[in-house]
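>>> below is the sequence, then the predicted model.
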Amino acid sequence: NEPAAHMTPTQLAHEATEIAKRHPQLSITVLGAKKCEELGMGMFLAVGKGSEQESKLIHITYKPAKKPKKKIALIGKGVTFDSGGYSLKPSNAMEDMKIDMSGAAAVIAAMDAIATLGSEHEIHAIAACCENLVSGRAYKLGDVLTSMDGTTVEINNTDAEGRLTLGDAITYARTKIDPDEMFDFATLTGACMVALGPYTAGVMSDHDRLLKDWMACADATGEDMWRLPLNPRLREQLKSPIADMRNTGDRMGGAITAGLFLKTFAKGTPWVHVDLAGPASVSNGRPHQPKGGTGFAVATIIQYVARS
């Protein structure tokens with residue numbers, strides 16, 4: 001709920017570091033832009049180029065006392081303010097864009113709870129944090145970016161920036177952590193809100209067992225989630241004549257094409273994508289929730305890592 005002028009990528013990294021300091025089971029690494037460049041994170045760094053704030057990749061690790069049952073990666077979108085870049089949002093759509101780091105906030109907050117409650121698994125939280133602003137340095141429509149895994153991406157919408165940051169974060173998790181399972185959380189698409197309304201998160205995966213286990217935990221916690229079909233036929237919309245793919249498809253099925261974009265980087269690792277654009281915040285308070293950020297997905301994450 002903090003204004004974007006305060007909750008910058010650096011401040012978010014500071015908050016995560018303070019959480020890690022409170023728990024001996026947690027360790028943290030914060031990678032700045034130079035290190036991310038060395039890793040080849042061309043998509044993530046492009047999104048933050050227009051800002052004076054340095055982009056930060058936050059990596060928190062929880063290790064249990066005994067040998068872990070499995071290794072789980074939780075990946076969060078951390079765009080601390082999203083203007084839309086050169087695909088500029090209208091003013092009323094930009095007012096609440098301080099909440100575009102809700103996925104990152106969820107995975108960071110979950111690690112605080114995990115360290116408090118304990119888990120039998122080794123758990124990694126990855127938050128790709130930056131600002132998407134307009135300046136002479138900002139990335140542009142028509143640019144071709146090279147991702148950490150070498151995939152090239154033609155930019156046809158600079159306001160579809162979350163999938164770029166997450167794509168490199170997913171590659172980082174897959175190659176540096178080698179997890180048994182990956183989950184990503186993001187205020188990713190307005191299309192998901194068009195499909196499901198403001199209270200329900202869209203969930204996508206092509207790994208049925210993992211998704212079934214995740215949805216059972218969502219049901220147990222009362223967090224409203226609904227499976228959307230990760231239809232491979234829509235992948236045609238992402239074709240580019242000059243790169244491996246474009247970053248957006250057509251208006252129809254926009255939440256699903258975003259999921260298919262991310263699937264490109266998950267490759268064979270069991271993976272679930274949670275688009276929480278609707279329920280990440282509420283504009284009017286409810287009996288159990290004040291106006292603002294809701295912390296959506298934290299409860300389901302805790303339920304999953306405690307029970308799975």
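Received, thanks.

>>> and the strands in this protein, which stretches?
Per DSSP state E, the chain carries strands over the ranges 26-31, 56-62, 71-82, 122-132, 144-146, 152-154, 181-186, 201-204, 225-227, 245-246, 271-275, 281-282, 292-293.

>>> next, the buried residues of stretch 205-220.
With burial defined by 16 or more other C-beta atoms under 10 Å, the residues of stretch 205-220 counted as buried are Ser205, Asp206, His207, Leu210, Leu211, Trp214, Met215, Cys217, Ala218. To be clear about C-beta, it is placed using only N, CA and C from the backbone, and glycine gets the same treatment.

>>> I meant stretch 267-280, not that one.
For stretch 267-280, burial by neighbour count (16+ other C-beta under 10 Å) applies to Thr269, Pro270, Trp271, Val272, His273, Val274, Asp275, Leu276, Ala277, Gly278, Pro279, Ala280.

>>> which residues does the residue nearest to the last one when sequence neighbours are not counted contact?
Spelled out, that is Ala280. In space, Ala280 comes closest to Ser102 once its chain neighbours are excluded; the distance is 3.8 Å by C-beta to C-beta, 6 or more residues apart in numbering. Neighbouring residues of Ser102 by C-beta atoms under 8 Å, 6 or more residues apart in numbering: Lys77, Phe185, Thr187, Leu276, Ala280, Ser281, Gly293, Phe296.

>>> and which of those is nearest Val153?
Relative to Val153, the closest of these is Lys77; by C-beta to C-beta it sits at 16.5 Å.

>>> for that closest one, give me its contacts.
So Lys77 contacts 100-104, 128, 162, 165-166, 184-188 (C-beta under 8 Å, 6+ apart).

>>> the same query, at a cut-off of 10 Å, please.
Applying C-beta atoms under 10 Å, 6 or more residues apart in numbering, one finds that Lys77 lies in contact with 100-107, 127-130, 161-163, 165-166, 169, 184-188, 275-277, 280.

>>> and for Ala127?
Taking C-beta under 10 Å, 6+ apart, one finds 9, 12-13, 16, 30, 56-60, 74-78, 101, 103-108, 111, 165, 169, 185 in contact with Ala127.

>>> bridging residues for it?
For Ala127, the beta-bridge partners are Ile58, Gly76 (DSSP bridges).

>>> quick one: it and Arg163, what's the gap?
From Ala127 over to Arg163 the distance is 15 Å, taken as C-beta to C-beta, to the nearest Å.

>>> and the closest residue in space to Ala109 that isn't next to it in sequence, how close does it get to Pro279?
Sequence neighbours aside, Val298 is the residue nearest to Ala109 in space, at 5.3 Å (criterion: C-beta to C-beta, 6+ apart). According to C-beta to C-beta, Val298 and Pro279 sit 12 Å apart.
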